[in-house]
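J.: make a model of this:
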Amino acid sequence: MYAHRILIEYDHKPSIKHQRRLNPSMQEVVRKEILKLLKPDIFYSISGSVWASPVHVVPKKGGMTAIKNENNGLIPNKTVNGWQMCIDY
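T.: Numbering: from 1, shown residues only. This next block holds a predicted model:
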């Protein structure tokens, strides 16, 4: 098992960032990802840590499609294939 430590100065105080609200579909993405990382002991639970970071959910990169507008012009549009959880360090 590997442990990662971030060296900080002794008198440094953490900046507290609160978790933003997520809609229910994004909450499910975060829940599944966290359970997946907890199972093989990659992460472990720390309650009440001032160094905890908020998570963000971003769209996975998908392909491009073209949509016609009212002038029969083509407008490029990105497709979303799913969602990905990111941790803001």
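J.: residue ranges for the helices of this structure, please.
T.: Applying DSSP state H to the chain gives helices spanning 24-38.
J.: in it, where is pLDDT below threshold?
T.: For the chain, applying pLDDT under 70 flags the ranges 1-2, 4, 16-17, 47-52, 88-89.
J.: got a list of what the residue of the chain most remote from its centre touches?
T.: Within the chain, the residue lying farthest from the chain centre (Cα atoms, centre = their mean) is Asn71, at 38.2 Å. Taking Cβ atoms under 8 Å, 6 or more residues apart in numbering as the criterion, Asn71 is in contact with no other residue. No exception for glycine: its C-beta is placed from N, CA and C like everyone else's.
J.: offset the numbering so it begins at 289, please.
T.: Sure thing, new numbering starts at 289, so read that last one as Asn359.
J.: so how far is Lys349 from it?
T.: Applying Cβ to Cβ, to the nearest Å, the value for Asn359 to Lys349 is 29 Å.
J.: tally of neighbours for Glu316?
T.: Glu316 has 13 neighbouring residues, counting by other Cβ atoms under 10 Å.
J.: my error: substitute Trp371 in the last question.
T.: Here the neighbour count serves as a burial measure; for Trp371 (other Cβ under 10 Å) it reads 16.
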